[in-house]
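K.L.:
give me a model of this one.
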Amino acid sequence: MIFTFFLQFIISNNPLMSKTPQKEISSGESNGQNKSDDQIINQSLISEKCISSTNSENNTFSEPTQYNQKNELIKETVTEEKNKENVLNENEKVEFLHKVIPYTKRLKDKPKSHLVEEENVGQSIHQTKRATFSSVRLKEDKSLNSITPKDVLESINSEEQATPKPTTLTITPHESRDSRIKSTTTAWSNTNRNQLRKSMSLCTTQITSNTLEAMRSNVKMFDEMVIEVENTYQKISKARDRIFEIVKYQQQTIKCNDFIKNYSEILTSIQESTSHMLTNETGDLESLKEFTGYMSELYLVGFQQFKNQTQQLNRLMKEGKKLLEDSKTCIKSKNEFDKVYKEYQKINGKLKDEKDDKKQKIIQQTRDDIISKGIGEGRKALEVFDRNLQKYYEILQNSGRHIYETIQNGMNEVHSTMENYEDKIDSWKALDFHNEEFEEGEIKPWMKSPEIKRIITNEFMYVNTLTLLIDRYYIDICNSPIIVQCGISLQDMDIIFTDIIPLIHCHKNILMKLKESNPKEFLYCYSAYFGQLYQQYHNYLKHYQNSFIVLNKFMSTKRFKECVDNIDLIEGFEMKELITAPFNYITDFLENLDRVTTGDKEVINILKYVFEKLVKEKEIVKKQIIATSHLIKLNNFKGDINQEREYFGKVVISSGKLNGTMFFFSDYLIFAKSEKEGYNVIEMFETSNLENIRVIDRKTIEIGGGVENTTENSKNIQFIMKEETVKDFMDCLNKVQHKLTSYDIFGKEITTATIARNEQQWLFPKILHKIFDQCEKVAPEQEGVLRVSANVTQMEKDIKKINRKEEIDVSKLNVHEMINILKRYCNSIPNKLPSELQTIVLDESACEKIEKKLREMNNDGYLALIERLFRLLHLIEMKKEINLMGSDNLAKVISPNIYIDEGIVFDIEKLTRTVRFMIENYEEIFKKIRNEMIEHINKGNELSKQIEAIENQMNMTKYNEELSSSYLKDKKGISTKGITLKDVLMQSEVELYENKKNIKRWLVICKTELIFKKNMEDFESLIQLPLIGLTININEKTQLKNGSRSVTLVNFEDQPYFELLKKLIPS
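P.N.:
Just a heads-up that it's a prediction; the model follows:
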């Protein structure tokens, strides 16, 4: 049944069978002229094909030769036709009868061979309705019988039809109709239907039913095979795709196995040398050793099971890889079968178009050969497909079983290991494994509250992390002799570990206070240092970008990375993560502070303000780092340092014959060409001049106003993109535009713009308050105010400054310019007065109605703006004798700017009547709104004063600039021989004059000597010059000499190392 369903579904979607469906003949459409014999025969064939395919569920390629099914089919047909007996006359039944007898012809009507009728066998089943009668083979016995339409009609009426047998079908004309044969041709053109049917007769045609049945069966078999081959191939394709997805990760599993192997060796080493690693003399040392051994064993068991599982995955991938290779034969077999099928389609087309009988027979024979060949190729392909599918299912089944067994065994082994120590685990929980510093800060009962414990625990861990960074990483790296060979200096190390020492001191002081505190006052331990906390983290964030650059620079060198990786393996951490601990502490502390429900709210608010400000600075730094990581790839970038620079993406683009990449930053668009190492900048464009970008067509843009043209052509440059990169280019450009307009107030929703500027206390942008304040002083005295236009050029410049949040001295602005800025602002924003105000009834309660409507807008910012606008208009109206601007004139000027533009001609009276009323009755309508707004602003000002006091205290606190290198005093690291970073003041590449030519060497400036090496990574010294007794002679070249040894420096001007040399060596 499943195969039959798919067979019918796919045949219905086969383009080879998508021809026009033939309609079922009804009693009202039984006209012999409407259908040719070809259509009748094909309809019968397709009907039998449908029935045969439905009944052949268990045998895909079996022929429809089950006669008992045909007998039932004939009975069904007879029943259907008998139901139509009331509406069909005898002549119409005769016409239907010709459809019952398959593969027959009418005399002189169809001179072509019966073979032509095979051409439409491939018609789409889903487009052809089931025929009223099914085609059947009729034969009474082995002898040849003459069957006439009348005989069959009588059989239908009596419901006594013989069981058909697979014998030869012979059809001869009735003797009484022989005389009518000659008139058949002319009878077709007769318009009298009844006379036409009487003049029709059957031609004597002998067809061997076995031959016909064989042809029909082959065609059907081939069509079914096409479908099965396609379906099975689709399964193979899906199997290949899934296996391919698995095989893709084979290299990763191999790397994972290697990692597990290496880490297992490390854990084994740890387990063997546990007693040597333990330096803490407090607590139960034996239990501690035993516990450490247990943890190591548990890790080893876990890693072993993980290794076993990845090995099983690797086995699955190997088998999948082999299947992918073997299944290539499927593709080859499918291609061979497709070739035959294309030949079949082509020959079918020729057979359909050919009119000559002889040529039709030749083409028919060729088609039969192609069908036989196709069936053979299809069987081969199906065998290959089935073999590969079987292999695919075996891989999935076996691999799934192996992986399940491996996981199950692993879980059992880990559980068994834990059970061996079950009796000791509880005792280990009570052990104190802390060092002395932790013991002094032992958690007290009041610290066990979840919200308090979270903060204090985080503080302990944080101080230990910072201490670990210095004690284990900074000191060990500085004492490592191989680290000098990567070109790093003590100054570089101070940059990488910037501000770590001051942060340790600050948080240790906080910890000491926490030990003596109580649940009500523990936050005072932080607030007492809030100024210092801000200064330390503010400077840490300020230096973080440079620290990030230097760290990444030296992590790319082999020796520095090896040194760091070795410490990582011993400590079980990663320095790259530890070094960001202060960066993450800022956010963590603020999140923990939000959970605190007890304590002084004022203290909580101060700490929140400090850390919220630090979080904002942190987000800016994160964006800077992203931008910097891309900028360092641009070899000849000469832009300014911008602390607010952001990176938005890059797009591959071309200019003329030059292919390159466009980088999108908040301040520059940079077109650069890819090089072996990084990019070479070709053009730079300032984003402040985005109006210079012009779209030529969908894939072409033109940019002008380059900052620095490294090419000779300084004109506008056209850039061409590929179709798939157009969207990316526009997305990046929109991000740049959004960044540039982030402070814009014109055209933006009033609340959104106010929040973006962090001016919520003012309800709408503060600059507009300043403009209103100045206008209220001078505007009422100006004649024609609101009507007189301003200097457009100057106004546009000032609007740009306002949008960029630049400071503007409003006292120096022209009054008409300020009024026009306010008009422009009101017109540009989406916030407008409700149109219902235009039709409000201006009676005694109108003021209350208007106030209610205004409050229903539910937008405090816009309500405050409207109040200030009408306050100004009211003040102007009160001095209309001076400025000649009464309420009527003011309403006509301002109304189009504060109502929605509905795109129709304004009704001036309707538009201005309410506005005029609001100007004249300002006090009654806006008094309460004004008082509420003033109260809100006053509260905001009080808060601003408090914030200003906090800011002053934060900024007055002295910043501790102690360098990490100061921590090296009295600190011993790994015992080493040779030069370490503690001895190195600076390293640099220098140019020496040797053998009459300039040669590059590497200079290491130590506290006691100068060392010249062949290159940075070289261990051996070429020349060593002690500083004691060293002389320096400066002419065109600089000679450094100590006794018989000397070097000559060239091109030394403005080099940092030379300034240091002059300080170290007496002139």
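K.L.:
domain-wise, how is this structure divided?
P.N.:
With domains defined by automatic domain parsing, the chain comprises 2-207, 230-428, 436-622, 647-740, 750-920, 983-1064.
K.L.:
quick check on residue 634: phi, psi?
P.N.:
phi -90, psi 100 (degrees, to the nearest 10).
K.L.:
an error on my part: the question was meant for residue 703.
P.N.:
Dihedral angles for residue 703 - degrees, to the nearest 10 - are phi -120, psi 140.
K.L.:
show me what the helix or strand where residue 945 lies is packed against.
P.N.:
Assigned by DSSP states H and E, residue 945 belongs to helix 922-956. Applying 3 or more CB pairs under 8 Å, 6 or more residues apart in numbering; DSSP states H and E, one finds that helix 922-956 contacts helix 530-555, helix 601-631, helix 846-856, helix 860-878. Glycine gets a C-beta too; all of them are placed from N, C-alpha and C.
K.L.:
buried ones in it?
P.N.:
By 16 or more other CB atoms under 10 Å, the buried positions in helix 922-956 come out as 922, 925-926, 929-930, 933, 936-937, 950-951, 954.
K.L.:
now, which of those residues sits nearest residue 1046?
P.N.:
residue 954 (55.4 Å; CB to CB).
K.L.:
so who does the closest one touch?
P.N.:
Contact partners of residue 954, counting by CB atoms under 8 Å, 6 or more residues apart in numbering, are 530-531, 534-535, 610.
K.L.:
distance-wise, check it relative to residue 947.
P.N.:
In this structure, residue 954 and residue 947 are 10 Å apart, going by CB to CB, to the nearest Å.
K.L.:
residues contacting the closest residue to residue 482 other than its chain neighbours?
P.N.:
Nearest residue to residue 482, sequence neighbours excluded (CB to CB, 6 or more residues apart in numbering): residue 559, at 5.0 Å. Contacts for residue 559 (CB under 8 Å, 6+ apart) come out as 482-483, 485-486, 1017.
K.L.:
go with 6 Å
P.N.:
482, 485-486 (CB atoms under 6 Å, 6 or more residues apart in numbering).
K.L.:
okay, and it sits in which element?
P.N.:
Using DSSP H and E, the element containing residue 559 is helix 558-571.
K.L.:
hang on, the earlier thing: looking at the domains of the chain, which has the lowest confidence?
P.N.:
The minimum mean pLDDT among the domains of the chain belongs to domain 2-207 (a mean of 40).
K.L.:
I figured residue 610 hits residue 534, correct?
P.N.:
Yes - using CB atoms under 6 Å, residue 610 is in contact with residue 534, at 5.0 Å.
K.L.:
check which residues of stretch 591-600 are buried.
P.N.:
Neighbour-count burial for stretch 591-600 [16+ other CB under 10 Å]: 592-593, 596, 599.
K.L.:
what's next to it, contact-wise?
P.N.:
451, 454-455, 523, 607.
K.L.:
between these, which sits nearest residue 983?
P.N.:
Nearest to residue 983 among those, with distances taken as CB to CB, is residue 455, at 42.5 Å.
K.L.:
for whichever strand or helix holds the closest one, name the packing helices and strands.
P.N.:
Secondary structure from DSSP H and E places residue 455 in helix 450-468. Contacts defined by 3 or more CB pairs under 6 Å, 6 or more residues apart in numbering; DSSP states H and E place helix 450-468 against helix 500-515, helix 581-594.
K.L.:
what sits up against it?
P.N.:
Counting by CB under 6 Å, 6+ apart, residues outside helix 450-468 touching it are 447, 500, 503-504, 507, 578, 581, 585, 592, 595-596.
K.L.:
please indicate which of these are buried?
P.N.:
Counted by 16+ other CB under 10 Å, the contacts of helix 450-468 give 447, 500, 503-504, 507, 578, 581, 585, 592, 596 as buried.
K.L.:
save those residues as CSV, and put in distance to residue 324 too.
P.N.:
Below are the buried ones among the contacts of helix 450-468 laid out as CSV (distance: CB to CB, whole Å):
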residue, distance to residue 324
447, 61
500, 53
503, 55
504, 57
507, 57
578, 44
581, 47
585, 50
592, 53
596, 59
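K.L.:
closest to residue 1025 among these?
P.N.:
Proximity of the buried ones among the contacts of helix 450-468 to residue 1025 (CB to CB) peaks at residue 500, which lies at 34.9 Å.
K.L.:
distance of that closest one relative to residue 547?
P.N.:
Residue 500 is 10 Å from residue 547, by CB to CB.
K.L.:
then residue 558?
P.N.:
From residue 558 to residue 547 the distance is 21 Å (CB to CB).
K.L.:
which one's more surrounded, the two?
P.N.:
residue 547 (22 against 11; other CB atoms under 10 Å).
K.L.:
leaving out sequence neighbours, find the closest residue to that one.
P.N.:
Closest to residue 547 by CB to CB, 6+ apart is residue 498, at 4.8 Å.
K.L.:
for the one you found, give me the backbone phi and psi.
P.N.:
Backbone phi and psi, for residue 498 under degrees, to the nearest 10, turn out to be phi -60, psi 130.
K.L.:
number of nearby residues for it?
P.N.:
For residue 498, the neighbour count with other CB under 10 Å is 22.
K.L.:
wouldn't it be in contact with residue 543 here?
P.N.:
Yes - assessed by CB under 6 Å, residue 498 is found in contact with residue 543 at 4.3 Å.
K.L.:
same list (the buried residues of stretch 591-600) but as CSV, adding distance to residue 657.
P.N.:
What follows is those, written out as CSV (distance: CB to CB, whole Å):
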residue, distance to residue 657
592, 59
593, 59
596, 64
599, 69
